[in-house]
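**Q** Got a predicted model here, sequence first, then my questions.
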Amino acid sequence: MRRRKVASAIGYKEGDFAPMLLASGRGREAEQIIAVAQSAGVEVVEDEALAVLLDASARPGDFIPPWCWEAAAKILAFVIETDKQN
């Protein structure tokens, strides 16, 4: 059985106490989230476990739960560093 794709978009604004879930979805919604990010030039990082956790535990507009902070911080640090190099 083929698993459905899952995707979550997170963002962080300086001064916020945690990153925010911007979008989350499975299947066609996940594909649209990825397509929008790629067309906007946003770095796409694959972390299926984090995407599944975020999809199950938060809604868009919510700050991500504390148990996801470390994984999200690593992804955001990678994206920031990649942006600096480009």
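**A** Great, that's in hand. Numbers count the residues shown, from 1 in each chain.

**Q** Now do the buried residues in the least confident helix or strand in the chain by mean pLDDT.
**A** Least confident element among the helices and strands of the chain, by mean pLDDT, DSSP states H and E: helix 69-85 (a mean of 87). Across helix 69-85, burial judged by 16 or more other C-beta atoms under 10 Å covers 71-72, 75-76, 79. No exception for glycine: its C-beta is placed from N, CA and C like everyone else's.

**Q** Could you tell me the average pLDDT over stretch 46-59, please?
**A** Mean per-residue pLDDT for stretch 46-59: 92.

**Q** hey, C-alpha coordinates of that stretch in PDB?
**A** Output in PDB follows, covering the C-alpha atoms of stretch 46-59 (Å, rounded to 0.1, in the frame of the first residue of the first chain):
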ATOM      1  CA  GLU A  46      12.200  16.600   3.800                       C
ATOM      2  CA  ASP A  47      11.400  15.400   7.400                       C
ATOM      3  CA  GLU A  48       8.500  13.100   7.200                       C
ATOM      4  CA  ALA A  49       8.400  12.400  10.900                       C
ATOM      5  CA  LEU A  50       8.200  16.100  11.800                       C
ATOM      6  CA  ALA A  51       5.600  16.700   9.100                       C
ATOM      7  CA  VAL A  52       3.400  13.900  10.400                       C
ATOM      8  CA  LEU A  53       3.800  15.200  14.000                       C
ATOM      9  CA  LEU A  54       2.800  18.700  13.000                       C
ATOM     10  CA  ASP A  55      -0.100  17.500  10.900                       C
ATOM     11  CA  ALA A  56      -1.500  15.600  13.900                       C
ATOM     12  CA  SER A  57      -0.700  18.100  16.700                       C
ATOM     13  CA  ALA A  58      -1.200  21.600  15.400                       C
ATOM     14  CA  ARG A  59      -3.400  23.700  13.000                       C
END
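
**Q** which of the residues in that stretch are buried?
**A** 50-51, 53-55, 58.

**Q** Now do the strands in the chain.
**A** 6-11, 20-26 (DSSP state E).
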